[in-house]
Structure formats: structure tokens, C-alpha cells
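S.K.: how would this look folded up:
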Amino acid sequence: MITRWNAARLVRLLGWGAVGLSLGVGACLSDDEGDLTEPPDASHCPAETPDYCGSVCVDTQTDLSHCGACGAACVPGSQGVEVACDAGTCKVTECEPTFADCDGLAENGCEVDTTRSAAHCGTCGNACSTQCLAGECNDVVEVSAGAQFTCAVRKSGSVWCWGDNTWENLGAGESLLPGENLSPVKVKLDADAEHVAVNQNNDRKHACAVLKDGGLVCWGANGNGQIGLGDTKLTAVPAPVGLADVAAVAPGGRHTCAITQSLKLYCWGNNFDGQVGTGDGMPDHWTPQEVKTSAQQVVSGRKHSCARFLNASVQCWGSNALGQVGNGSATETYPTPVPISFSGGFSLLSSGLDHTCAVDSGKILCWGSNAQGQVGLAPGMPVLTPNELGVTEMSELALGTQSSVALGRSGIWGWGDNTSGQLGLGNTGPVSTPTPTLAGLGKVAQLAMGLDHACALMASGALLCWGNNDAGQLGVGNKTSSTQPVAVAFPPEGI
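M.R.: Numbering: from 1, shown residues only. Model (predicted):
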């Protein structure tokens, strides 16, 4: 006879199912008086398997068939290699290469391909603004705005341009017809690019890119040899310029300047106003000409250029009809570089069409044309010497045709022409002194200004543009202008 004590002992040793079988199907325990007893519960289970599910003592904190609750089985999804019950929750412990379980739900396994997911690129939570390519964010790393067109470099080293293509200045080849291209198109490069720069001259447009191997290529209008190829033929795709180890390039109106890694300054193209800087009186130079050494930065406007040197001094040359040279004189041209009238040391330069600004210890100074207040004074006569604007802690400058913007610790400031809303103030009213703009935009990595539009490269890798969009220069797929930033729509590449 199986007594109650013996049955309980069997339950502890074998579990309720085993006892049931030993007594026969449908058997029940009874005490000596024949009373029915209840099946065992968790109180009969040992410490290592403290929970009771059906007829088995289990640990619902670790059991794959009863994870967190009886019957809650952990079943891996199609990409799951291994799952586990961890603290009562089903978790994926191993995924196939390049896949990840980013939502923490074992039932759909390793649901993310980290080589493509813009939300989880390379690893869970690493979000991209434009595209995830081979596990890395292929976002924008540099932008340059010109006269009705814009170009940008993506992390992959590809260059994309959009907007007006009258002079084949988008660099996508003859298959891309001259006219307006409302969305970014890929420039036909044979190698990866490090930098891109475009000019602001509305009647001739060209662009250049510095390659990661130090090479330099240019494309677009070339009537004065500004592409640097030794001829004056328009170039629809990037062509190599005869310079090596290039560090920076600055396309001007119809001329171009560049600095090599050894700090040698070269210029070429139209020299009618001395903007090539050689002082030889030649009207054009179709190939690069060495101008100076020890140059750290160069910027070019329509008919002038300025360079910053190792000692932090600035020299300018070319047309001075609007005070672009900044040395206080009214002499119309300077065929070789001359120092500006300022004794401080500059850390940054930027040039518009006919004006220039520089940063000295966080303070901004501007000179040149002031027809629209672009040097920070009420619109009027040209300003022949650097004018201090009264803003401090500035770290980034971008000058357009007749507009200026700067980035500092306190945010973005804008001044000058605003007829197309290019200052981002939400209106088209004139601004002759630096005015805070684009409040709440977020962390900005770089600013760029063109003829009458502007762009901000965000720290996130997103590219936002605003202002005139009559030729698609905002890159949003239409021709609707905007006084507020709109996101450039980049197509995916490499897939």
C-alpha cells in the first residue's frame, strides 16, 4: 500500500508525472482514510528548479521551454544561431556574421543587417543620416555651395552635385544634359575624394576636388584655363590637374588656386586683374603657376584671392576695385600678394564674390564690397580695410556672393543680402549687422554659402540647405525655395 508519506517522497524524488505512472493512469493519492490529495506544487521542487510547470519542476529564470512563465518557450528567429533564457527573458546570444538582435526580442532573432541598416550601422544604435554602406555611415563629410549649384563629399569618398549644370559643372558627364538637376548626382571620379570646392561666379561655373591620394581634378567651365589642363575646352567630367600632394583648392570666378602639402601656393586661369598672382601681366595661365610658399589656407572670389600664411598673416591680390585686397588703398589691381591692413594673427579665412572675412582670436573682421551689408556695416561704399564686426568666439565662416554667416559658441550669426532667405531668419528682410539665426538647429559641423542659398552640415552627417531653389540647388527634388532648412535627399550608392 502506498501511503501519503511514501507518495510525497516519490513526488520529491521523481516528480508528479512519475508517481502518476507508477500508480496507473488516472491514479490519485489518498491518505489512510481514502481522501483525495492535491497534486504537488512548487513547494515540492528543489532549490535548483524552484518552479512547477505542468508535471515538471523547472527554473523559469533559465529554462528555454518555460522562460519567465510556464509554456513561454524561447524560439530563435531565422537569423538566430543561439538563444538563452536569461533572468526570465529570452535573449539571442549569438548571431550570424553582420546580423544583430537590436530590439532584444528573441522571437524575431537577429533582425538587423548591420551592413545596411541606417538605424543600426555597424552596431546596434549607431544611426546614419543618409545611408549605411558596408557597416559604415555613408553620410556627408564636406559641403561647398556656389552659384545655383552645390556639391558634397560623402564618407565613401564619392562626390555628389546638384542644381544648375549649364557649364557641365556637376561633373556627371555629357550624358547629364545641361540644365537643372533637382537631386544629387554622382560625380564621375576615378578615385576617392577628400575635399570638394565650387566657385560662385554665375556666368561661368567650375568645381574641383582634392583626392585622397593628393591628386587634384577639376571640371566645368574652362574658357580662361581655370581647369588647369593646358587648354580652354569645357570639361564635363573631372580631369587631372598637373599638381601632386594637394591639400586644399579654391575655385574663383574664372581662376583657381591650390595649396600643396608642402605649403606651396599655386594659381591659374584668368589673370586680367592679376588674380593668378604671378605679376607677369599675362592675361591667362592655363596651367598652375607657383605664387608663394608657406601658405596654410587660400580663398578665392570673383577676381581676387587671399591666403593665410604660417605666421598667421594674410595677403591678398587681384582686383581691388571694391576693396577686396584690404590694404586701405584704392589701387584697382594688385598682380602679386600684398599684406592686408591688420597686424593681428588670423586663424581662418573665407571669401565671397567681392568681399573677404577672417577670424582673429574668435573675432570676425571683413573687408571689400559692402553693397548689401556683407562686411557687417550699413550698405554703402566698399570697405578698404578690415572692419571688426563685434562678435566673438567664432569658429567657422562661410561667405556667399553678398552674404555672410558664422558659427560660434553662441550659435549661428548671419548678415548681408537676405533677399532669398539665405540667412535662415525665416524672412527675406535685409540684415547689415551680425544677427543670431537658425536657433535650435542643433550641432553644426560646417557652413557653406552660395549665390543666394546656404547649407549646414550637421554633426550627425545630415545636410540641410535653405534659400533660393530656382535651379534645384537645395537638392530636395523640386524647385521650391525655403527660408528654413530642408534636408538634402541623397540616393543610396554601392548597392
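S.K.: rest of the way, CA atoms for contacts and neighbours
M.R.: Fine.
S.K.: D417 reaches G376, doesn't it?
M.R.: No. Using CA atoms under 8 Å, D417 is not in contact with G376; the gap is 10.7 Å.
S.K.: nearest spatial neighbour of S432, chain-adjacent residues omitted?
M.R.: With sequence-adjacent residues excluded and distances taken as CA to CA, 6 or more residues apart in numbering, S432 is closest to G373, at 4.4 Å.
S.K.: gap between the one you found and D231?
M.R.: Remark: distance between G373 and D231 (CA to CA, to the nearest Å) = 38 Å.
S.K.: comparing these two, which residue is more hemmed in?
M.R.: Just comparing G373 and D231: by other CA atoms under 10 Å the higher neighbour count belongs to G373, 24 against 15.
S.K.: now do the more buried one, the pLDDT please.
M.R.: G373 carries a pLDDT value of 96.
S.K.: give me the distance between it and S350.
M.R.: 16 Å.
S.K.: same check, this time on K155
M.R.: Taking CA to CA as the measure, K155 falls 24 Å from S350.
S.K.: ok, these two, which is more surrounded?
M.R.: Taking other CA under 10 Å, K155 and S350 do not tie; S350 has more neighbours (24 against 18).
S.K.: that one: what's it in contact with?
M.R.: Applying CA atoms under 8 Å, 6 or more residues apart in numbering, we find S350 in contact with V299, T356, C357, A358, L397, A398, L399.
S.K.: quick one, phi psi at it?
M.R.: Taking degrees, to the nearest 10, you get phi -150, psi 150 for the backbone angles of S350.
S.K.: thinking D113 is in contact with E96, fair?
M.R.: No. D113 is beyond contact range of E96, at 9.7 Å (criterion: CA under 8 Å).
S.K.: higher neighbour count, those two?
M.R.: Taking neighbours as other CA under 10 Å, D113 and E96 compare with D113 leading, 23 against 12.
S.K.: what is the neighbour count of the closest residue to that one other than its chain neighbours?
M.R.: Of all residues not flanking D113 in the chain, F99 sits nearest, at 4.6 Å (CA to CA, 6+ apart). When neighbours are defined as other CA under 10 Å, F99 has 22 of them.
S.K.: got it, and the one 3 residues further on?
M.R.: When neighbours are defined as other CA under 10 Å, C102 has 19 of them.
S.K.: ok, L133 next?
M.R.: Applying other CA under 10 Å, we find 23 residues neighbouring L133.
S.K.: pLDDT score assigned to it?
M.R.: 95.
S.K.: so who does it touch?
M.R.: T115, R116, E493, G494.
S.K.: the last one: neighbouring residues, count only.
M.R.: Translated: G494. Using other CA under 10 Å, G494 has 6 neighbouring residues.
S.K.: same thing with the first one?
M.R.: Neighbour count of T115, defined by other CA under 10 Å: 19.
S.K.: tell me if the residue nearest to S432 really is in a helix.
M.R.: No. Assessed with DSSP: H, G, I helix; E, B strand; the rest coil, G373 is coil; it does not lie in a helix.
S.K.: correct me if wrong: it contacts P379.
M.R.: Yes. Counting by CA under 8 Å, P379 is a contact partner of G373 at 4.3 Å.
S.K.: pretty sure C161 is touching P184, no?
M.R.: Yes. The criterion here is CA under 8 Å, and C161 meets it with P184 at 5.2 Å.
S.K.: for the residue nearest to D113, give me its contacts.
M.R.: With CA under 8 Å, 6+ apart, F99 has these contacts: Q79, C110, E111, V112, D113, T114.
S.K.: same check on A127?
M.R.: The contact partners of A127, by CA under 8 Å, 6+ apart, come to A118, A119, H120, C121, C137.
S.K.: excluding its backbone neighbours, what's nearest it?
M.R.: A119 (4.2 Å).
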